[in-house]
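# Sequence plus the predicted model coming up.
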Amino acid sequence: MKSTLLTLALLALPFSTGCRRVSFEDSMLSKRDVDYRIGELPEHWRRVYVKDNDLAFSESGTGRALSINSTCEGHDDPPLPVLTRHLVMGFTDREEQSQKLINLDGREALRSRYLARLDGVPVELEMVVLKKDGCVFDFTYIPPPARPRNGWRTLTACSRASTRSATDEPLGAGPRRC
């Protein structure tokens, strides 16, 4: 129960602002300013609905969570490290464990891992932040405390998002399995 509450609390953090009218079908998320495709999740990951998230998933029986968000308005053009710091606002005792530039969907993205506390409870965060076509995308993986860190493969596979504007064809080669 405690890990479920922690997962939901973490997912409820305000990753971005704005109206959240979205549709999600066949691994494709569509909303007002952007469409993007994520990797297909295995069946033991279930979609959960959390306010202010484009998509959120929870892995059955583990307390692991994955959130995916995009915003195309109101962010100006801050560097990737600044966008990452916005994701960890609200946490205390933040310790950056690693940060690395990676290539994602043909663009530079920032992969980060943090240890922090939320309401005094230790948490680990693994994130990828990407800027593309005037939008910011963030992918956050949250394992429960004291669980092995084996979610990077899930986060990496799912963050291989293909993005497109309303008139462009999707990039990439269709759905990928996470």
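That came through fine.

# switch to C-alpha atoms for all contacts and neighbour counts from now on
Will do.

# Where does pLDDT dip in this protein?
Scanning the chain with the threshold set as pLDDT under 70 gives 1-20, 145-178.

# For it, which segments count as strands?
For the chain, the strands defined by DSSP state E occupy 22-25, 28-31, 34-37, 45-48, 55-59, 65-71, 92-104, 107-118, 121-132, 135-142, 162-164.

# out of those, nearest to Pro81?
Ranking the strands of the chain by their distance to Pro81 (criterion: Cα to Cα) puts strand 107-118 first, at 7.3 Å.

# For that closest one, name the packing helices and strands.
Under the contact criterion of 3 or more Cα pairs under 8 Å, 6 or more residues apart in numbering; DSSP states H and E, strand 107-118 touches helix 80-87, strand 92-104, strand 121-132.

# 10 Å - rerun?
helix 2-11, helix 80-87, strand 92-104, strand 121-132, strand 135-142 (3 or more Cα pairs under 10 Å, 6 or more residues apart in numbering; DSSP states H and E).

# Could you pull out the buried residues of the last one?
Along strand 135-142, these residues count as buried under the neighbour rule (16 or more other Cα atoms under 10 Å): 135-142.

# next one: the second one
Judged by neighbour count using 16+ other Cα under 10 Å, the buried positions of helix 80-87 are 80, 83-84, 87.

# Tell me which other helices or strands that helix touches.
strand 92-104, strand 107-118, strand 121-132, strand 135-142.

# Now do it: everything it contacts.
Contact with helix 80-87 is made by 13-16, 75, 77, 94, 96, 99, 101, 108-112, 125, 127-131, 136-140, as judged by Cα atoms under 10 Å, 6 or more residues apart in numbering.

# That one versus strand 135-142: what angle between them?
Relative orientation of helix 80-87 and strand 135-142, computed by axes from the mean of the first three to the mean of the last three Cα atoms, to 10 degrees: 50 degrees.

# and if you look at the longest one?
Strand 92-104 runs at 120 degrees relative to strand 135-142, counting by the same axes, to 10 degrees.
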